[in-house]
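Student: quick one: sequence plus predicted model below, questions after.
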Amino acid sequence: MLLRMSTLFLRTLREDPVDAELPSHKLLVRAGYVRRVGPGLYSWLPLGMLAVRNVERVVREEMLAIGAQEVQFPALVPREVFERSRRWQDYGDALFRLRDRRDADYLLAPTHEELFTLLVKGEYTSYRDLPVSLFQIQTKYRDEARPRAGVLRGREFVMKDSYSFDVDDAGLERSYRAHRDAYERIFRRLGFDYRIVSAVSGAMGGSASEELIAPTPSGEDTFVQCENCDYAANAEAVVIAPPQARGGVVDGGGMGGGTGGAGSGGLPGPQQVLDTPDTPTIATLVERLNTMDLGRSFAAADTLKNLVVKTRAPGAGEWELLVIGVPGDRDVDMKRVAGQLEPTEVAPAGPEDLASQPGLVKGYIGPQRLAELGIRFVVDPLVTEGSAWVTGANEPDRHALDVVRGRDFVPDGELGAVEVRDGDRCARCGGMLQISRGIELGHVFQLGRKYAEVFDLRVTGPDGRPVTVTMGSYGVGITRAVAALAEQTHDELGLRWPREISPADVHLVATGKGEEPYTAGEQLAGELLGAGLRVLYDDRRGTSPGVKFGDSELLGVPLIVTVGRGLAKGVVEVRDRWSDERVEVPLAGAAGEIARLSAAQR
Ligand code: ATP
Ligand code: MG
């Protein structure tokens with residue numbers, strides 16, 4: 001492949017696009033890889049297409065290598081298909097819905113579980129037909145709420161999605177492993193720094209659902225790693241070890257866990273109700289408590305904060321109130337809560353929801369009377385059995401002291417609800433958890449029999465009886481991978497690609513007066529092609545060397561070869577875009593040497 005800059009459909013930009021916040025977004029636009037069409041909608045230009053095709057190639061090769069077979073579904077899907085899985089109703093605002101000329105409803109598919117399941121159901125009937133894995137590389141549509149990150153979160157984007165079909169759990173486990181291993185090969189080949197994190201709650205992590213994440217400071221996903229063991233989970237699925245029961249009653253601050261309690265030399269005295277006027281927030285409450293001469297000091301971690309939310313089970317019409325108790329120094333992570341309550345929906349309770357419950361006094365809610373009011377109450381596991389708290393007294397301007405879990409209130413259950421933070425303890429080994437940010441590249445997931453049941457996907461088993469098929473679901477964001485890699489690998493000069501994804505292996509720049517550099521450049525380009533390299537050749541006449549070098553840095557091809565001043569000495573300059581090392585190579589035999597340097601690159 002030889003691309004000539006003189007004819008390449010490319011205009012690089014000096015200025016960052018005004019709507020872009022992330023480096024990958026700015027650079028992909030400035031380097032002429034993509035152009036914006038509308039919110040979350042981008043066109044891919046020739047260099048961008050080459051990068052996308054390279055990701056596709058690597059993904060396709062690795063999918064074929066594990067025996068998965070390629071198919072292609074339409075993006076436009078009749079409503080009935082999604083009605084059977086209830087996703088027409090349940091998917092919400094992210095689903096693009098449209099109507100044809102006969103007034104029939106359609107949607108633009110956000111994923112294709114339904115069609116994969118129906119396809120296999122239509123063709124296969126016996127356990128002997130299985131296992132099978134099918135994949136497609138196809139355009140998906142999601143009306144994302146905040147498509148602000150460029151192609152990282154498009155409303156139209158390319159995904160590789162695959163599904164495995166097995167007769168039993170052991171088969172699913174094997175298919176899952178094969179995909180997980182393939183994903184590791186894909187992201188390694190593409191040059192990613194990636195982590196595999198658990199996406200299911202449970203200290204042991206399990207492997208039923210895992211995400212592959214590219215750590216980047218600007219990533220939208222939060223994940224947690226243990227500094228001590230190999231536990232890693234996304235922020236929604238993380239399990240935090242509850243604190244040890246602590247001794248001493250005068251022990252404000254610390255890791256939360258109330259002001260004392262069982263296991264610390266007996267329970268505190270009976271709860272006391274205190275007048276605490278004008279203390280509707282944790283901060284005002286703590287300040288007041290510390291001026292009240294109660295013989296101890298208080299911190300936010302000694303208070304119990306009770307957040308009112310509402311939940312609605314699938315198919316239920318009514319929302320029901322739910323109160324969640326967490327230590328007062330912690331925030332509730334609504335995504336974590338939602339992840340655990342799924343498929344039940346959860347939303348913050350508004351004033352109109354609270355109005356129906358005069359027993360709930362805003363700013364002064366405590367768990368003591370919730371059972372009596374018929375309101376469900378759960379606590380984060382950090383609110384341990386026997387721990388004592390300062391909390392609302394369910395009366396305006398009053399709080400209660402020494403309110404003990406198990407004595408003064410009994411929650412209906414526990415729910416990991418707090419926002420995880422650095423220094424929280426690993427539930428597996430007790431080590432420190434560390435929070436990082438990243439971009440989700442892919443997801444491997446044991447879907448099980450959910451869709452097979454909905455669509456009645458059964459095959460005849462060895463004993464002649466029907467068996468419901470079990471499925472795995474595996475996705476990779478193709479277009480997202482291009483931007484995620486840009487996010488991870490760029491530097492202050494521009495894009496900087498690993499070889500597999502780069503639009504070319506070598507960016508050959510001819511500079512200088514007269515014909516000589518161009519004649520030599522032309523010849524070297526031919527030799528590089530002969531050596532099996534993909535060449536982007538800057539053969540532009542009348543473009544200044546400064547502009548050419550600037551472009552070569554911006555476009556991100558990992559090896560930059562300059563044919564110019566060195567010609568007098570019979571050499572060309574080879575610059576490694578990764579290490580910025582520059583070496584002079586004799587023009588005679590340069591192609592072989594350049595091919596060797598290229599092969600050694602990331
Ligand atoms: P996210 O949490 O980032 O929205 P998701 O959990 O919705 O991702 P999946 O439904 O598992 O994603 O889709 C599989 C893969 O498709 C993701 O791992 C990601 O790489 C990619 N992807 C998802 N949404 C988008 C999008 N809006 N734009 C580009 N790629 C996307
Ligand atoms: Mg999503």
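Tutor: Received it, and whenever you're ready, just let me know what you need. Ligands and ions are numbered 1, 2, ... in the order given.
Student: could you report the pLDDT at the residue in the stretch 351-500 of the chain that ligand 1 sits nearest to?
Tutor: For the stretch 351-500 of the chain, the residue positioned closest to ligand 1 under C-beta to the nearest ligand atom is G477, at a distance of 2.4 Å. Glycine gets a C-beta too; all of them are placed from N, C-alpha and C. For G477, the pLDDT comes out at 98.
Student: dig out what it forms beta bridges with.
Tutor: On the basis of DSSP bridges, G477 takes part in beta bridges with M159.
Student: report the contact partners of the residue lying closest to T281 once chain neighbours are set aside.
Tutor: Spatial nearest neighbour of T281, chain neighbours left out: G363 (7.3 Å); criterion: C-beta to C-beta, 6 or more residues apart in numbering. Neighbour list for G363: T279, P280, T281, G392, P396 [criterion: C-beta atoms under 8 Å, 6 or more residues apart in numbering].
Student: repeat that for A400.
Tutor: When contacts are counted by C-beta under 8 Å, 6+ apart, A400 touches Q271, Q272, V273, L274, G366, Q368, V390, T391, G392, A393, D408.
Student: point out the residues in the protein that sit beside ligand 1.
Tutor: Taking C-beta under 6 Å from any ligand atom as the measure of proximity, the chain contacts ligand 1 at 111, 142, 144, 153-154, 157, 159, 440-443, 475, 477, 479-480.
Student: now the closest residue to ligand 1 within the stretch 501-602 of the chain, what's its secondary structure?
Tutor: Residue nearest to ligand 1 within the stretch 501-602 of the chain (C-beta to the nearest ligand atom): I501, separated by 14.9 Å. Three-state call for I501 (DSSP: H, G, I helix; E, B strand; the rest coil): coil.
Student: touching, E220 and A149? I think so.
Tutor: Yes: the pair E220 / A149 is scored as a contact, 7.0 Å apart, by C-beta atoms under 8 Å.
Student: any idea how far I186 is from the residue of the stretch 351-500 of the chain closest to ligand 1?
Tutor: Counting by C-beta to C-beta, to the nearest Å, the gap from G477 to I186 is 12 Å.
Student: what's the overlap in contacts for these two?
Tutor: Common neighbours of G477 and I186, using C-beta under 8 Å, 6+ apart, are G442.
Student: about what we covered before: name the SS class of the residue nearest to T281, please.
Tutor: In terms of secondary structure, G363 is coil; the call rests on three-state DSSP.
Student: how about it, phi and psi?
Tutor: The phi and psi values for G363, taken as degrees, to the nearest 10, are phi 90, psi -10.
Student: would you map the strands across the stretch 101-250 of the chain?
Tutor: In the stretch 101-250 of the chain, the strands defined using DSSP state E, counting those that start in this stretch lie at 105-108, 132-141, 156-166, 195-198, 209-215, 221-226, 232-234.
Student: any chance of JSON lines for the ones you listed, columns mean pLDDT and mean neighbour count?
Tutor: Formatted as JSON lines, the entries for the strands of the stretch 101-250 of the chain read as follows, by pLDDT from 0 to 100; neighbours: other C-beta atoms under 10 Å:
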{"stretch": "strand 105-108", "mean pLDDT": "98", "mean neighbour count": "18"}
{"stretch": "strand 132-141", "mean pLDDT": "98", "mean neighbour count": "19"}
{"stretch": "strand 156-166", "mean pLDDT": "98", "mean neighbour count": "24"}
{"stretch": "strand 195-198", "mean pLDDT": "96", "mean neighbour count": "22"}
{"stretch": "strand 209-215", "mean pLDDT": "97", "mean neighbour count": "23"}
{"stretch": "strand 221-226", "mean pLDDT": "95", "mean neighbour count": "22"}
{"stretch": "strand 232-234", "mean pLDDT": "93", "mean neighbour count": "25"}
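Student: adding distance to H25, write those strands out as JSON lines.
Tutor: Putting the strands of the stretch 101-250 of the chain into JSON lines (distance: least, C-beta to C-beta, whole Å) gives the following:
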{"stretch": "strand 105-108", "distance to H25": "24"}
{"stretch": "strand 132-141", "distance to H25": "19"}
{"stretch": "strand 156-166", "distance to H25": "14"}
{"stretch": "strand 195-198", "distance to H25": "23"}
{"stretch": "strand 209-215", "distance to H25": "15"}
{"stretch": "strand 221-226", "distance to H25": "17"}
{"stretch": "strand 232-234", "distance to H25": "23"}
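Student: any idea which of the ones you listed gets closest to V506?
Tutor: Closest of the strands of the stretch 101-250 of the chain to V506 is strand 209-215, at 26.1 Å (criterion: C-beta to C-beta).
Student: now find how far off-centre that closest one is within its chain.
Tutor: Here strand 209-215 is found 7 Å from its chain centre; the criterion is C-alpha atoms, centre = their mean, to the nearest Å.
Student: ditto for stretch 410-417
Tutor: How far stretch 410-417 lies from its chain's middle: 27 Å, per C-alpha atoms, centre = their mean.
Student: give me the residues contacting it.
Tutor: 201, 238-240, 324-326, 332-333, 336-337, 340-341, 367, 371, 376-381, 383, 405.
Student: go again using 6 Å as the cut-off
Tutor: Residues lying outside stretch 410-417 but in contact with it, judged by C-beta atoms under 6 Å, 6 or more residues apart in numbering, are I324, V326, V332, V337, R376, F377, V378, V379, D380, P381.
Student: just want the most central residue of this structure.
Tutor: E440 (2.9 Å; C-alpha atoms, centre = their mean).
Student: what separation is there between it and G416?
Tutor: Relative to G416, and taking C-beta to C-beta, E440 is found at 20 Å.
Student: and E593, by the same measure?
Tutor: Using C-beta to C-beta, one obtains 57 Å as the distance from E593 to G416.
Student: any low-confidence regions in the protein?
Tutor: By pLDDT under 70, the weakly predicted segments of the chain are 202-207, 244-265.
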